[in-house]
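**Student:** got a predicted structure here, sequence first:
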Amino acid sequence: MASLKKINKNILFTIAIPTYKRPELLSEALNSVVNQSYKDNFEIIVVDNCNDINVSKKVDIIVNGFLKIRKIKLYRNESNLGMFGNWNQCLKKAKGKYISILNDDDLLDYRFVENVMLDIRG
């Protein structure tokens, strides 16, 4: 069976954050991700579904602020794809073998990634 996406062997796990017009909440969500107890072998991506220039600028500023701590990839949809369309974009852009979607208004427990890695590795 052929894979629908190319998996990067160096990235085991992706945390994908779909966002739409909530930069302040995105900041809190990103903070919970970059401050995980486990730091290796996972990527963080943000997929912005808003084409409002003012909101997009705020998202850019927030993501750029976190780049000092951790590499984050920001993708922006050309048009609003709706909630499920944006989730699908998260899945398409993720390079990890395993993917978790973290909504922009949610937070991760400090040991979330560590626990996921323990489960993945058995």
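**Tutor:** That came through fine.

**Student:** please count neighbours and contacts with C-alpha atoms only from this point.
**Tutor:** Noted.

**Student:** pLDDT below threshold where in the protein?
**Tutor:** Low-confidence segments of the chain (pLDDT under 70): 1-9.

**Student:** for it, longest helix please?
**Tutor:** Determined from DSSP state H, the single longest helix within the chain is helix 53-66.

**Student:** what's the following helix or strand after it?
**Tutor:** strand 73-76 (DSSP states H and E).

**Student:** on that earlier part again, for the longest helix of the chain, buried residues please.
**Tutor:** Across helix 53-66, burial judged by 16 or more other C-alpha atoms under 10 Å covers 55-56, 58-59, 62-64.

**Student:** Provide the secondary structure category for the spatially most central residue of the chain.
**Tutor:** For the chain, the residue nearest the mean C-alpha position is Ala16 (2.6 Å; C-alpha atoms, centre = their mean). Three-state call for Ala16 (DSSP: H, G, I helix; E, B strand; the rest coil): strand.

**Student:** how close does it get to Leu91?
**Tutor:** If you measure Ala16 against Leu91 using C-alpha to C-alpha, to the nearest Å, the figure is 8 Å.

**Student:** can you work out which residues contact both of these two?
**Tutor:** Both Ala16 and Leu91 are contacted by Ile99, under the criterion C-alpha atoms under 8 Å, 6 or more residues apart in numbering.

**Student:** send me the helix or strand hosting Asn115 as PDB with only the CA atoms.
**Tutor:** For Asn115, the element it lies in under DSSP H and E is helix 112-121. Provided in PDB are the C-alpha atoms of helix 112-121 (Å, rounded to 0.1, in the frame of the first residue of the first chain):
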ATOM      1  CA  PHE A 112       2.700  14.900  26.700                       C
ATOM      2  CA  VAL A 113       5.500  14.300  24.100                       C
ATOM      3  CA  GLU A 114       7.600  12.300  26.500                       C
ATOM      4  CA  ASN A 115       4.600  10.000  27.100                       C
ATOM      5  CA  VAL A 116       3.800   9.700  23.400                       C
ATOM      6  CA  MET A 117       7.400   8.800  22.700                       C
ATOM      7  CA  LEU A 118       7.300   6.100  25.400                       C
ATOM      8  CA  ASP A 119       4.200   4.700  23.800                       C
ATOM      9  CA  ILE A 120       5.600   4.800  20.300                       C
ATOM     10  CA  ARG A 121       8.800   3.100  21.300                       C
END
